[in-house]
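Asker: okay, predicted coordinates and the sequence, questions at the end:
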Amino acid sequence: MSLTQPAPPVRPRRSPSKPLAELGRRFGDERSVLGSSPEDVLIHGITLNSATVEKGDVFVALTGRKQHGAAFAADAKAAGAVAVLTDPAGLEQAAATGLPVVVHDELRASLGAIAAWLFDTDASPIKLFGVTGTNGKTSMVHILEAILTQAGVTTGLSSTAERHVDGEKFTSGLTTPETVDLHSLIARWTEGGAEAAAVEVSAQSIERHRIDGVPFDVVGFTNLTHDHLDDYGDMATYLEAKRPLFRPEHAKAAVISLDSPAGAEIAGTAPIPVQTISSDPAVAADWHVEVTNETIDGVSFTLRRTVDDWSVSSSVSAIGSVMAHNAGLALAMLSLAGYSEERLAEAVADGIDVYIPGRTERVSGETGPAVFVDFGHSEDAFVRTLDAVRAVTPAGGRLIFLFGADGDRDKTKRPLMSAAAVDHSDLIVITDHHPRMEDPAAIRAALLEGARTRAAETKPGFEIVEVSPPEAAIRKAVSLAREGDSILWCGPGHQSYRDIAGVRTAYSGREEARAALREAGYPPR
Ligand SMILES: CC(=O)N[C@H]1[C@@H](OP(=O)(O)OP(=O)(O)OC[C@H]2O[C@@H](n3ccc(=O)[nH]c3=O)[C@H](O)[C@@H]2O)O[C@H](CO)[C@@H](O)[C@@H]1O[C@H](C)C(=O)N[C@@H](C)C(=O)N[C@H](CCC(=O)O)C(=O)O
Ligand SMILES: Nc1ncnc2c1ncn2[C@@H]1O[C@H](COP(=O)(O)OP(=O)(O)OP(=O)(O)O)[C@@H](O)[C@H]1O
């Protein structure tokens, strides 16, 4: 796949086949132009992007932020589209192609119903799990998948990192696919015989109608902490963007973590059955998670249900107490969905064996410093992952922290990220991440200022190094580290590119870290 093209949606192998006339009747208005024999035109797929059109598709031309999709209707026709579905603003350009055009006033808000009709999503027997929250969504859906697989359940997954179908892995574009792509994915899971699927649900996807018409059985809430304020302005607005997931039109029931203040707010107001979970024994909740051991290979925990004192002890092969909490939340969601306690306990009796791509992922081998690559890009994620790595760093070992910040994203979090870095590590290396259209030196300068201010206040003499580009920064971090030290690199996670001035350049933080270790004489994992 090209780095600049959208990831192609996952489609069912047996394409749907529905008459254009029915699409027009159900969803079009009087301005629609269906041509002379719409009963004979069959729709076999649907897409929002001209670059991913296949023969027989209806092309959805939406009003975008930058442009109108109808500008690409001719490209869609050339690629095999048989009709265009658009809003009134797109009608003229769409009709100019000579293709039949179905017009709908509130197009984005009706795409869920349209996709559910085309893919028969309502008839899918799959148990659907959705997870939202600022941090932990990707980790959660991979943990849900791991537990279900260990319980013998055939499973699908949709995360920021990957989509999983029938044992096959597909590249993700958006965290939560566009509406029509999500319904298409559910159709593919259904066709492959999946019994359950776990879907990561971003706040952006809720408000942009991407999960419309998707009947979640149980949804989970991890936390709400400072991020995305470029999109939402303040935390109250950000919370409002998450809230609709916990309404009957989207979900039948929910498990909500009380570990951030927004949890109690959502749990107290959600008009669906809700259970709560906390890692604080002093907080009243339906479930409690207690961490019992942390090692470099993972974390052990006990999950206990308040009502009957039922408990299960297990471990998860990912480091940090947050991963124990994520595993507890996942088990509580599965229990609420109807999986029996016996089945769940048996599934996790030998631990939860999960690989979460680029989340506190260890890339170092048996010798040299322990090196972890992570996707964290917020203050809370920094604190949690730094503490997780600290807990598995041998006594006397230093924790070296390498990080950058996203360009063109919430700038207000930069000083907070730097302060967290100073507070929770022993030495920091500031570098670049995705500068996007910003000047990378200016982003580093903001991070440096935040770090120097915090260090001057609380840790005089604290060592701060600035190195650009990140390929050089990770080598610098490795050169500074000794046996027994740990290096945590937050930012690149699972990704295989960097966005520099709007151009995606091939690049993998995990591979750069492995190369840096190899060059230093430490065979990596
Ligand atoms: C702000 C936002 O949500 N933007 C989304 C939106 O883009 P847009 O409105 O700017 O689209 P546009 O470029 O004006 O184009 C208009 C229409 O023309 C179509 N088009 C465009 C070009 C072309 O060659 N052919 C074509 O058909 C586009 O598909 C689109 O439908 O519609 C596009 C097509 O579906 C999305 O790819 C794009 O997501 C962008 C990539 C994005 O970054 N979204 C972020 C905010 C997002 O949703 N993030 C969350 C996760 C956040 C997190 O947890 O960190 C997510 O769920 O991924
Ligand atoms: N429950 C949690 N609470 C706080 N931090 C967490 C939690 N689970 C994972 N993290 C950390 O948060 C960061 C992001 O993790 P993850 O990718 O699972 O979350 P996410 O919600 O999918 O984020 P994104 O939307 O950015 O992909 C990582 O640093 C990870 O180690």
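Answerer: Structure's in. What do you need? Ligands and ions are numbered 1, 2, ... in the order given.
Asker: look up phi and psi at the closest residue to ligand 1 within the stretch 251-400 of the chain.
Answerer: Using CB to the nearest ligand atom, His377 is the residue of the stretch 251-400 of the chain that sits closest to ligand 1, at 8.0 Å. Every C-beta, even on glycine, is put in place using the N, C-alpha and C of the backbone. Note on His377: backbone dihedrals following degrees, to the nearest 10 are phi -150, psi 30.
Asker: make 35 the starting number, not 1.
Answerer: Yep, numbering from 35; the last one is His411 now.
Asker: for it, give me its contacts.
Answerer: The contact partners of His411, by CB atoms under 8 Å, 6 or more residues apart in numbering, come to 261, 439-440, 443, 451, 467, 524-525.
Asker: same check on His217?
Answerer: The contact partners of His217, by CB under 8 Å, 6+ apart, come to 146, 149-150, 152-153, 155, 247-248.
Asker: and for Asp320?
Answerer: 289, 309-311, 339-341, 366.
Asker: for ligand 2, state which of these is nearest.
Answerer: Looking at these and their distance to ligand 2, the nearest is Ile311, at 10.9 Å (CB to the nearest ligand atom).
Asker: helices or strands up against the strand or helix carrying that closest one?
Answerer: In this structure, Ile311 is located in strand 308-312 according to DSSP states H and E. Strand 308-312 sits against strand 285-291, helix 295-303, strand 321-329, helix 355-370, with contacts defined as 3 or more CB pairs under 8 Å, 6 or more residues apart in numbering; DSSP states H and E.
Asker: distance check, whatever residue of the stretch 385-534 of the chain ends up closest to ligand 2 against Lys447.
Answerer: Nearest residue of the stretch 385-534 of the chain to ligand 2, counting by CB to the nearest ligand atom: Gly410, 2.8 Å away. Shown here: Gly410 relative to Lys447, a distance of 11 Å by CB to CB, to the nearest Å.
Asker: mind listing the helices for the stretch 385-534 of the chain?
Answerer: Secondary structure of the stretch 385-534 of the chain by DSSP state H, counting those that start in this stretch: the helices cover 413-425, 448-458, 474-492, 504-514.
Asker: among those, which comes closest to ligand 1?
Answerer: Taking CB to the nearest ligand atom as the criterion, helix 413-425 is the member of those that comes nearest to ligand 1, at 11.0 Å.
Asker: circling back to that earlier point, now, of the contacts of His217, which are buried?
Answerer: Among the contacts of His217, those buried by neighbour count (16 or more other CB atoms under 10 Å) are 146, 149-150, 152-153, 155, 247-248.
Asker: middle-most residue in this protein, spatially?
Answerer: For the chain, the residue sitting closest to the mean C-alpha position, by CA atoms, centre = their mean, is Thr194 at 3.6 Å.
Asker: pretty sure that residue contacts Ser173?
Answerer: No - at 10.4 Å, Thr194 and Ser173 do not qualify as touching, with contact defined as CB atoms under 8 Å.
Asker: ok so, going back, from the contacts of His217, which land in strands?
Answerer: Assigned to strands by DSSP state E, none of those qualify.
Asker: what sits against Val87?
Answerer: Taking CB under 8 Å, 6+ apart as the criterion, Val87 is in contact with 81, 93, 109-110, 113-115.
Asker: what residues are up against the spatially closest residue to Asp63 that is not a sequence neighbour?
Answerer: What sits nearest to Asp63 in space, not counting adjacent residues and going by CB to CB, 6 or more residues apart in numbering, is Val137, at 5.5 Å. Contacts for Val137 (CB under 8 Å, 6+ apart) come out as 62-63, 65-66, 120-122, 125.
Asker: tell me the residue of the chain that sits nearest ligand 1?
Answerer: Counting by CB to the nearest ligand atom, the chain gets nearest to ligand 1 through Gly98 (2.2 Å).
Asker: what does that residue show for phi and psi?
Answerer: Here the main-chain torsion angles of Gly98 (degrees, to the nearest 10) amount to phi -100, psi -180.
Asker: now do the one 4 residues further on
Answerer: Phi and psi for His102, reported as degrees, to the nearest 10, are phi -100, psi 140.
Asker: same question for Ile80.
Answerer: The phi and psi torsions at Ile80 (degrees, to the nearest 10) take the values phi -150, psi 140.
Asker: pLDDT value on Pro42, please?
Answerer: Looking at Pro42, its pLDDT reads 84.
Asker: what about it, neighbour count?
Answerer: Using other CB atoms under 10 Å, the number of residues around Pro42 comes to 16.
Asker: secondary structure element for it?
Answerer: Here Pro42, judged by DSSP H and E, is contained in no helix and no strand.
Asker: report the spatially nearest residue to it, omitting neighbours in sequence.
Answerer: Thr86 (5.0 Å).
Asker: my read is that the one you found contacts Gly79, right?
Answerer: No - in this structure Thr86 lies outside contact range of Gly79 using CB under 8 Å: 9.4 Å.
Asker: looking at these two, which one has more neighbours?
Answerer: Under the neighbour definition other CB under 10 Å, Thr86 and Gly79 were set side by side, and Gly79 has more, 25 against 21.
Asker: enumerate every residue touching Phe435.
Answerer: For Phe435, the contacting residues are 416, 420, 455, 458-459, 461-463, 521-522, 524, by CB under 8 Å, 6+ apart.
Asker: can I get these in TSV with pLDDT and distance to ligand 1?
Answerer: Written out in TSV, the entries for these read as follows (pLDDT from 0 to 100; distance: CB to the nearest ligand atom, whole Å):
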residue	pLDDT	distance to ligand 1
Phe416	96	15
Leu420	97	20
Ala455	98	20
His458	98	22
Ser459	98	24
Leu461	98	28
Ile462	98	23
Val463	98	24
Ile521	98	24
Leu522	98	20
Cys524	97	14
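Asker: ok, residues contacting the least confident helix or strand in the chain by mean pLDDT?
Answerer: Of all regular secondary-structure elements in the chain, judged by mean pLDDT, DSSP states H and E, the least confident is helix 263-266 with a mean of 79. The set of residues external to helix 263-266 that reach it, using CB under 8 Å, 6+ apart, is 237-238, 269, 272, 275, 443-447.
Asker: I figured Thr183 hits Thr189, correct?
Answerer: Yes - with contacts defined as CB under 8 Å, Thr183 counts as touching Thr189 at a distance of 5.6 Å.
Asker: of the two, which one has the most company?
Answerer: It is Thr189, of Thr183 and Thr189, that has more neighbours when counted by other CB under 10 Å, with 25 against 18.
Asker: what's opposite the more buried one in the beta bridge?
Answerer: The residues paired with Thr189 through beta bridges, assigned by DSSP bridges, are Ala230.
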